[in-house]
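**Student:** requesting a structural model of the entry that follows:
(4 chains)
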2 protein chains.
Amino acid sequence: MVATRPDTRTRIQEAAAVLFRRHGYSGTGLKRIAAESAAPFGSIYHFFPGGKEQLAEHTIRTSGPQYMQMVLALLDSVPDPLESLANAFRVAAEDLAATDYADACPIATVALEVASSNEALRVATAEVFDEWVTGGAAWFGRWVPDREMARSLAYSMIMILEGAFVLSRAARDPEPVHAAGRSMVELARAPIETGRTAG
Amino acid sequence: MVATRPDTRTRIQEAAAVLFRRHGYSGTGLKRIAAESAAPFGSIYHFFPGGKEQLAEHTIRTSGPQYMQMVLALLDSVPDPLESLANAFRVAAEDLAATDYADACPIATVALEVASSNEALRVATAEVFDEWVTGGAAWFGRWVPDREMARSLAYSMIMILEGAFVLSRAARDPEPVHAAGRSMVELARAPIETGRTAG
DNA sequence: CCTCCACTAGATAGATCGTTCTACTGTAGA
DNA sequence: TCTACAGTAGAACGATCTATCTAGTGGAGG
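**Tutor:** The predicted model follows:
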């Protein structure tokens, strides 16, 4: 039973996802992606003729939705919504510490970097964030009848998590993510408890 | 009465601050800093012998505190604390839109970029964020007697604002910052009103 | 067997990066 | 006036960047 190595294209994508997430767009070189994926340099341009930009856009548009699915699955693993929120932030904090504060949001670093300099990539990050808000609003909508309130809570959750990632990575300390979880629970408590009695 | 041009060192610092804020560390070249500051290239190394890293660290350590002072002054311009919070986020959203979504947090882009690759710069960003938390806690402490609560609110404000900047810059839309303001007011309402009746 | 082509492999090009270097200019103080 | 030096100015260097190019490999289908 031998673990079959993923094909070259997959290895390139995975290495690109890791490197873009950790070091951003300008900070990640194609040479390094080739090296870390153990792929021939030329294969990058074989699979991604559009070069670095196409590879980055592909990474954004695949890592982004993957991350949302992971978070939604995590949220669904605990029945009570407030406990689930607390648990999600706790897991996020633990994961961050476990990866040496490298693997936080898969697209935030690139998003900030390219926002003022690369329109195609900026749009890609914006669309991913928009999907997150929609997906998050759907989850909160299960507990909060008011659609606008659900959407607002989704917004808040994404923003406070993104901000916590910035502080946690800078400080190499999971505490900001824990603090973000407490604030998020506080924000969601009243709307969810109101929804419970009203529903 | 002629407007005297700032000296070379100042122009280099100002151009560096703008470019690092907008394009991050790797995305900003020294050649471009020299060009935008109308400074001789060699002068960068004259004033900052440590090169790009020293210039970036200097930028982080000066732009960071400057930004906090600006925010604190803004918060002090409105007497009622909840109205002041709402106003601060409104002004932040307007400023962001007015600068074509370029000038958000002066250090967040660099912070995410260097967190996993440059220890000196990571520490610099971490120390700036820590000063912000302390400064913010002092402001909230004027309205909320509980020190831990004040510190928690400062944490929340910084995180939700940072997250809102990520989303607003990506979407080229001030709405996330406005939404962040509403959430922040919601988070601060109970503690501040409790403090009001208790004090 | 042979052809075709996806893929591997890496050399190469041209631009740009951060850094270092030399030379020059202007001014303040002896 | 002469000296010393802060600052100006940009050429040059080696490294690295993205991107292109040529050549070779290996397996599937006729």
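**Student:** how far away is the closest residue to DNA strand D within chain A from residue A:37?
**Tutor:** Nearest to DNA strand D in chain A, going by C-beta to the nearest atom of the strand, is residue A:51, at a distance of 2.5 Å. (Glycine included, C-beta is placed from N, CA and C.) Distance, residue A:51 to residue A:37, by C-beta to C-beta, to the nearest Å: 16 Å.
**Student:** settle it for me: which of the two has more neighbours?
**Tutor:** Legend: neighbour count by other C-beta atoms under 10 Å in any protein chain shown for residue A:51 and residue A:37, higher for residue A:37 (22 against 11).
**Student:** mind pulling up the pLDDT for the more buried one?
**Tutor:** On the pLDDT scale, residue A:37 is placed at 94.
**Student:** how about residue A:6?
**Tutor:** Confidence at residue A:6, expressed as pLDDT, is 82.
**Student:** what about it, is that helix, strand or coil?
**Tutor:** Using DSSP: H, G, I helix; E, B strand; the rest coil, the structure places residue A:6 in coil.
**Student:** quick one: contacts for it?
**Tutor:** Going by C-beta atoms under 8 Å, 6 or more residues apart in numbering or on different chains, residue A:6 touches residue A:14.
**Student:** and residue A:30, how many residues sit next to it?
**Tutor:** Neighbour count for residue A:30, taken as other C-beta under 10 Å: 17.
**Student:** follow-up on the earlier one: give me the phi and psi angles of the residue of chain A closest to DNA strand D.
**Tutor:** phi 70, psi -150 (degrees, to the nearest 10).
**Student:** from what I can see it touches residue A:33, true?
**Tutor:** No - if you go by C-beta atoms under 8 Å, residue A:51 and residue A:33 don't touch, sitting 11.3 Å apart.
**Student:** common neighbours of those two, please.
**Tutor:** Residues touching both residue A:51 and residue A:33 (C-beta under 8 Å, 6+ apart) are residue A:44.
**Student:** next, the contact list for the residue most central in space within chain A, please.
**Tutor:** The centroid of chain A falls nearest to residue A:105 when counting by C-alpha atoms, centre = their mean (3.8 Å). By C-beta under 8 Å, 6+ apart, the contact list for residue A:105 reads A:21, A:67, A:161-162, A:165.
**Student:** could you look up the SS state of it?
**Tutor:** Following three-state DSSP, residue A:105 is assigned to coil.
**Student:** per-residue pLDDT, it?
**Tutor:** Predicted confidence (pLDDT) for residue A:105: 98.
**Student:** sorry, back to before: now the residue of chain A closest to DNA strand D: closest residue in space that isn't a chain neighbour?
**Tutor:** Counting by C-beta to C-beta, 6 or more residues apart in numbering or on different chains, residue A:45 is the residue found nearest to residue A:51 once chain neighbours are left out, at 6.5 Å.
**Student:** report the separation between that neighbour and residue A:6.
**Tutor:** Using C-beta to C-beta, residue A:45 is found at 19 Å from residue A:6.
**Student:** I'd say the residue nearest to residue A:51 and residue A:53 touch.
**Tutor:** No - counting by C-beta under 8 Å, residue A:45 does not reach residue A:53; the two are 12.0 Å apart.
**Student:** give the contact list for residue A:111.
**Tutor:** A:122, A:125, A:129, B:166, B:169-170.
**Student:** just flag the most distant two among those residues.
**Tutor:** A:122 and B:166 (11.6 Å; C-beta to C-beta).
**Student:** which one's more surrounded, these two?
**Tutor:** Neighbour totals were compared for residue A:122 and residue B:166, and residue B:166 leads with 30 against 22 (other C-beta under 10 Å).
**Student:** in chain A, where is pLDDT below threshold?
**Tutor:** A:1-4, A:198-199 (pLDDT under 70).
**Student:** quick one: the helices in it?
**Tutor:** Secondary structure of chain A (DSSP state H): helices located at A:8-23, A:30-36, A:41-47, A:51-76, A:81-98, A:108-114, A:119-141, A:147-171, A:175-198.
**Student:** buried set for the longest one?
**Tutor:** Think helix A:51-76. Buried residues in helix A:51-76, counted by 16 or more other C-beta atoms under 10 Å in any protein chain shown: A:52, A:55-61, A:63-64, A:67-68, A:71-72, A:74-75.
**Student:** can you list the residues of chain A near DNA strand C?
**Tutor:** With C-beta under 7 Å from any atom of the strand as the criterion, chain A comes near DNA strand C at residues A:7-9, A:39-43, A:45-47.
**Student:** most neighbours among these, which one is it?
**Tutor:** Taking other C-beta under 10 Å as the neighbour criterion, residue A:39 ranks highest of the residues of chain A next to DNA strand C with 20 neighbours.
**Student:** that one is in contact with residue A:10, isn't it?
**Tutor:** No - using C-beta under 8 Å, residue A:39 is not in contact with residue A:10, being 9.8 Å away.
**Student:** any idea which residue of chain A lies closest to DNA strand C?
**Tutor:** Nearest to DNA strand C in chain A, going by C-beta to the nearest atom of the strand, is residue A:42, at a distance of 2.5 Å.
**Student:** need the contact list for the residue of chain A closest to DNA strand D.
**Tutor:** By C-beta under 8 Å, 6+ apart, residue A:51 lies in contact with A:30, A:44-45.
**Student:** can you list these in JSON lines and add distance to residue A:93?
**Tutor:** Formatted as JSON lines, the contacts of residue A:51 follow (distance: C-beta to C-beta, whole Å):
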{"residue": "A:30", "distance to residue A:93": "33"}
{"residue": "A:44", "distance to residue A:93": "34"}
{"residue": "A:45", "distance to residue A:93": "39"}
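**Student:** for those, which one is nearest chain B?
**Tutor:** Among those, residue A:30 lies closest to chain B (C-beta to the nearest C-beta), at 13.8 Å.
**Student:** how about residue A:161, what does it touch?
**Tutor:** A:89, A:92, A:105, A:177, A:180, A:184, B:163.
**Student:** which among those end up buried?
**Tutor:** Using 16+ other C-beta under 10 Å as the burial test, the contacts of residue A:161 include A:89, A:92, A:105, A:177, A:180, A:184, B:163 as buried.
**Student:** ok, and the closest non-adjacent residue to the fifth one?
**Tutor:** Take residue A:180 and drop its neighbours on the chain: the residue closest to it by C-beta to C-beta, 6+ apart is residue A:164, 3.6 Å away.
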